[in-house]
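A.B. asks: got a sequence here, can you build the structure:
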Amino acid sequence: MYNGFYLHLAKDTIRKNKNLYIPFILSCILCITMCMMITTLIDPNIISKIDKDGILKELLQLGKIIVCVFSSIYLFYTLRVLLKSRMKELGIYFVLGMDKKHIRKLLRYEFFIIACITICIGGILSVLCGKLLFLLIIHILAQPIQFGFLISISAFTEMGVFYIIIFFLLYLYTVMKIYCMNPIQLLQAYKKHEKEPKTKIIRTIIGIICLGLGYSIALSIDNPLTSLLIFFVAALLVIIATYLLFSAGSVVLFKLLRKNKRYYYQFKHFISVSNMLYRMNHNANSLASICLLSTMILVAVSSTTSLWLGNEDILSKRVPSDIVIETIDKDELEKIDDYLKQHHIQTDELMKHRTLSFTAYQKHGGYTIDTTNLSTADSLNMETIVIMPLSDFNQIEDKNYTLSSDDQVYIYSSKKRYGKPKFTFMNQIYTVKGEVTLCKKMEILVQKLRIVSM
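C.D. replies: Model prediction:
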């Protein structure tokens, strides 16, 4: 048979089975569009216009990996649904004289046509929708409008190659499925009754472990922006756990319920448990996908809305004053005061203070700035120590704290209470007279620092 015959037969098959192929094609287009949009935004020529510090690019790169993994799993699931409805048709081809080699060639052309259609349409939609997404990000970040469409050849090439590989794997999966069945099995596959699902204890245990690890890692992260890679691993573990627990864990759960005779042999439980045991085996992947999509949408929308609405609060915390002047020359302060008086400039909430800051490391229960013989574990326990004269602190806080000797200090810790009677810095031991609280303005200035008043 000529190649033109298979191409014509493949096009005719897709056209006649449009009720089956259109949902599959739309799913492919949706996945390709999402991945291409994210990959286009990551392009250095595009992301550099709005992302100066690289945080947004890093977030999008991790998001791209999660979306690609999720879309691959989703496409394999939709293919399984498509194949189940097409088994009878493929069995008829066998009856009409086509062997497995001919079926394989027919499937090759079908996947080639679907790949061309979906990648082309997905690429066009990614350009249109990518511009809308880019404008939305610009609006949220309050950046100037960028005109023109977002077209990244590298993004199209990368995602094109990726989805060509995905379609090739889908083709191999279909061929293996056909080769494992004879014509009679193909003809009866659609009418074949579902067997009782097997108990998959190992998958269930792996799912529970992955879920526990994922949530424990996520809950142990103090600052997600500085631990994006760890947070990404936690997200992947939760995704894997969700699919495993929906597919295997649900079966184990319903079988345990069935073994409980007092619960199972009740009218309202008997039928529902039996039905759910079979339905979960068939629909586990789709339910897991819906669960993950819903969670992603809720997290993305809620976090983005919170950050956007809290922009002013974030700005006031990061930049508490309109003007901040730092100098190491005391005469400069007098010049500034003279300038303000000369030009009759009124100041509001003027704060003057002297500080001496160090990047210190915790070692042997104290703090040191000496990096000699510093172990890797010690270097991870880094803090910023800010020393402030007690007179300046009292002036700002309008307090009247006193120290009876030079080896006494007051301490403020923004992370948690210091809670120790002694404070060791550079091998000098100080007695902690007390822990202080700060006014809001001062607390913002020393955010995430340890203040030692001496």
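A.B. asks: now what about stretch 364-373, what contacts it?
C.D. replies: Defining contact as CB atoms under 8 Å, 6 or more residues apart in numbering, one finds that stretch 364-373 is touched by 358-361, 379, 383, 385, 423-427, 429. The way it works is simple: take the backbone N, C-alpha and C, and place the C-beta from them, glycine included.
A.B. asks: would you write a PyMOL line that selects the buried entries of these?
C.D. replies: Selection of buried members from those for PyMOL, criterion 16 or more other CB atoms under 10 Å:
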select buried, resi 358+360+361+383+385+423+424+425
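A.B. asks: need the worst-confidence member of the contacts of stretch 364-373.
C.D. replies: Least confident by pLDDT among these: that is residue 379, with 57.
A.B. asks: pLDDT weak spots in the stretch 151-300 of the chain?
C.D. replies: For the stretch 151-300 of the chain, applying pLDDT under 70 flags the ranges 183, 185-197, 222-228, 281-282.
A.B. asks: what segments of it are helices?
C.D. replies: In the stretch 151-300 of the chain, helices defined by DSSP state H, counting those that start in this stretch lie at 153-179, 183-188, 201-220, 228-244, 250-259, 261-264, 267-309, listed in chain order.
A.B. asks: how long is stretch 383-398 end to end?
C.D. replies: Stretch 383-398 has an end-to-end distance of 27 Å (CA to CA, to the nearest Å).
A.B. asks: any idea how far that stretch is from the chain center?
C.D. replies: Centroid separation for stretch 383-398 versus its chain: 40 Å, with CA atoms, centre = their mean, to the nearest Å.
A.B. asks: re earlier: name the stretch among the helices of the stretch 151-300 of the chain that sits most buried.
C.D. replies: Neighbour counts (mean count of other CB atoms under 10 Å) averaged over each of those peak at helix 228-244, with a mean of 19.
A.B. asks: just to revisit the earlier point, compare the helices of the stretch 151-300 of the chain and give me the one nearest residue 336.
C.D. replies: Closest of the helices of the stretch 151-300 of the chain to residue 336 is helix 267-309, at 36.0 Å (criterion: CB to CB).
A.B. asks: and that closest one, what does it pack onto?
C.D. replies: helix 55-95, helix 100-141, helix 228-244, helix 250-259, helix 261-264 (3 or more CB pairs under 8 Å, 6 or more residues apart in numbering; DSSP states H and E).
A.B. asks: what's the last one packed up against?
C.D. replies: Applying 3+ CB pairs under 8 Å, 6+ apart, one finds that helix 261-264 contacts helix 250-259, helix 267-309.
A.B. asks: tabulate the ones you listed (TSV), appending distance to residue 40.
C.D. replies: Putting the helices and strands packed on helix 261-264 into TSV (distance: least, CB to CB, whole Å) gives the following:
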stretch	distance to residue 40
helix 250-259	38
helix 267-309	18
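A.B. asks: ok, which of those helices comes nearest residue 117?
C.D. replies: Proximity to residue 117 (CB to CB) singles out helix 267-309 among the helices and strands packed on helix 261-264, at 22.7 Å.
A.B. asks: now the element after that closest one, going C-ward?
C.D. replies: Scanning forward in sequence from helix 267-309 by DSSP states H and E, the next helix or strand is helix 311-318.
A.B. asks: and the angle from that next one to helix 267-309?
C.D. replies: Interaxial angle of helix 311-318 relative to helix 267-309 (axes from the mean of the first three to the mean of the last three CA atoms, to 10 degrees): 60 degrees.
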